[in-house]
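>>> Whatever this is, show me its structure:
(4 chains)
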There are 2 protein chains.
Amino acid sequence: MSNQKSPGARGSDAVKSSLSVEAWAEAALDALATGGLDAVAVEPLARRLGVTKGSFYWHFPSREALLREALKLWERHETIDARAGVEEMTDPYERIVRLFKQANSSYKAGRLYLALAAASDDPAVGEVVKRVSANRLNYLNQCYRALGLSELDARLWSTFAYATFIGNQQVHRDTPEQFPVDEDFRAYFKLMLKTLVPRPGGPVDGEA
Amino acid sequence: MSNQKSPGARGSDAVKSSLSVEAWAEAALDALATGGLDAVAVEPLARRLGVTKGSFYWHFPSREALLREALKLWERHETIDARAGVEEMTDPYERIVRLFKQANSSYKAGRLYLALAAASDDPAVGEVVKRVSANRLNYLNQCYRALGLSELDARLWSTFAYATFIGNQQVHRDTPEQFPVDEDFRAYFKLMLKTLVPRPGGPVDGEA
DNA sequence: TCGTTTCCATACTTCAACGTACGGGATAAA
DNA sequence: TTTATCCCGTACGTTGAAGTATGGAAACGA
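Model (predicted):
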């Protein structure tokens, strides 16, 4: 980063400039979700925002810096928003249900994750994707442990559930016509819940 | 395409030239699996193959033609190989089990699918991905119907199972450390089979 | 009002990849 | 041996985006 300290004047609150930087980062995430990593290009983004490169290179020293900022923003969204509306659920079963509903509700967030995961070749991207993914898995794991599952069972079930919802995003994106909607989706969701979340007190499925 | 008819001489068998074209297509798929769609670039591929652009532009009129050829090759692999070793299984349960094992065995194929799916913005790529994905889903659907499930149940279960395995590839790629291996993987696989494939004669899970 | 700082536009250089033109060596037919 | 075709290398023109340099308009403090 280069020189963002006091935008309006003295130390007012450093919001206007920081908002401009964040606007670039948001635009970068938007481009990522629709066009992949190469779509995060300075000149196309500038055109999209109605400015020129001159503006960009005042806020950022390079394209890579924009990417870092966008990744930081995404990771913050992904870790803050993921916990919102879930933490306050005390019953572990209801908490997992809430998690599932939330995971299935944000289509745009799903596209973003898929786009970033596809760009994991880039080391900076891969690092953040790995951290976010590991975070989700660990949290899901804790939820399953709270259901009374053993360490191994919780790990297997959480991986199972997580893979299923990642795959749902993928199938929904790649083959939208085949993905259940409305009534069918409700039945589909119900089926997944019933299958992926062992009810407390139900059969525990050890091995064999 | 431009001009490939008789490589050695008269109409011998048109294999040497066709093999050269296929070699380019294979290289393109390799690059796709590791570096994404942008890695399918003429000059880098030529360097990788130890030749120059001069060779490429004799076999192909453009980069897009190479992409089309690579996609054609991939689709052929994906539809031929997918049926191999599965069709001869008569018992529907065993057939699904075989399908699952096969889907989990080819890591490279999984990476290729993910890379292509990530490049679905390209219309040519998106079309093929959609076709391949729909094919797999329909085949899985038939397998579940053969198990005795209703049309709706088969559609839901096949979507469920397919999403899970797509997601497994994704998780395995994005968070390899978290993915179960060896003993754990066997338990994981067993769990998925038991969960995703209703045994014939078992509980059918209608609704509610 | 005057000068400074903020933010952006314009013009330029660099670079990598696409595509084209052309030439040359090798091989097989005559 | 001559000739034509196959296959590929070299050199060139073009495009799009990265990054740099510089100027200028507007807002703000003094």
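
>>> So for the helix or strand harbouring residue A:54, mean pLDDT?
Per DSSP states H and E, residue A:54 falls inside helix A:53-59. Summarised as a single mean, pLDDT over helix A:53-59 is 96.

>>> ok, that helix near DNA strand C or not?
Yes. For helix A:53-59, a contact with DNA strand C is found by Cβ under 7 Å from any atom of the strand, at A:53-55, A:58-59. Yep, even glycine has a C-beta here, placed from its N, CA and C like the rest.

>>> For PyMOL, what selects the buried ones among those residues?
Remark: buried members of the residues of helix A:53-59 next to DNA strand C, expressed as a PyMOL selection using 16 or more other Cβ atoms under 10 Å in any protein chain shown:
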select buried, chain A and resi 59
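
>>> Could you export the residues of helix A:53-59 next to DNA strand C to CSV, including columns for distance to DNA strand D?
As requested, the residues of helix A:53-59 next to DNA strand C are exported to CSV (distance: Cβ to the nearest atom of the strand, whole Å):
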residue, distance to DNA strand D
A:53, 5
A:54, 5
A:55, 10
A:58, 8
A:59, 12
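
>>> Distance to residue B:133 for the residues of helix A:53-59 next to DNA strand C - can I get that in TSV?
Formatted as TSV, the residues of helix A:53-59 next to DNA strand C follow (distance: Cβ to Cβ, whole Å):
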residue	distance to residue B:133
A:53	39
A:54	44
A:55	41
A:58	44
A:59	40
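
>>> Name the nearest of the residues of helix A:53-59 next to DNA strand C relative to DNA strand C.
For the residues of helix A:53-59 next to DNA strand C, the closest approach to DNA strand C (Cβ to the nearest atom of the strand) belongs to residue A:54, at 1.8 Å.

>>> Distance from the chain centre to the helix or strand that the helix holding residue A:54 is followed by, please.
Sequence-wise, the next helix or strand downstream of helix A:53-59 (DSSP H and E) is helix A:63-83. Taking Cα atoms, centre = their mean, to the nearest Å, the mean C-alpha location of helix A:63-83 is offset from the chain mean by 9 Å.

>>> and what of stretch A:105-120?
The chain centre lies 6 Å from the centre of stretch A:105-120; the measure is Cα atoms, centre = their mean.

>>> again with stretch A:152-170
15 Å.

>>> Alpha carbons of it, as PDB, please.
Only the C-alpha atoms of stretch A:152-170 are listed here, as PDB (Å, rounded to 0.1, in the frame of the first residue of the first chain):
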ATOM      1  CA  LEU A 152     -13.400 -39.500  14.200                       C
ATOM      2  CA  ASP A 153     -17.100 -39.700  13.500                       C
ATOM      3  CA  ALA A 154     -17.400 -35.900  13.700                       C
ATOM      4  CA  ARG A 155     -14.500 -35.500  11.300                       C
ATOM      5  CA  LEU A 156     -16.000 -37.800   8.800                       C
ATOM      6  CA  TRP A 157     -19.500 -36.400   9.100                       C
ATOM      7  CA  SER A 158     -18.400 -32.800   8.900                       C
ATOM      8  CA  THR A 159     -16.300 -33.500   5.800                       C
ATOM      9  CA  PHE A 160     -19.200 -35.300   4.300                       C
ATOM     10  CA  ALA A 161     -21.600 -32.500   4.900                       C
ATOM     11  CA  TYR A 162     -19.200 -29.800   3.800                       C
ATOM     12  CA  ALA A 163     -18.300 -31.700   0.600                       C
ATOM     13  CA  THR A 164     -22.000 -32.000  -0.200                       C
ATOM     14  CA  PHE A 165     -22.700 -28.300   0.100                       C
ATOM     15  CA  ILE A 166     -19.700 -27.300  -1.900                       C
ATOM     16  CA  GLY A 167     -20.800 -29.800  -4.500                       C
ATOM     17  CA  ASN A 168     -24.300 -28.400  -4.400                       C
ATOM     18  CA  GLN A 169     -22.900 -25.000  -5.300                       C
ATOM     19  CA  GLN A 170     -20.900 -26.500  -8.100                       C
END
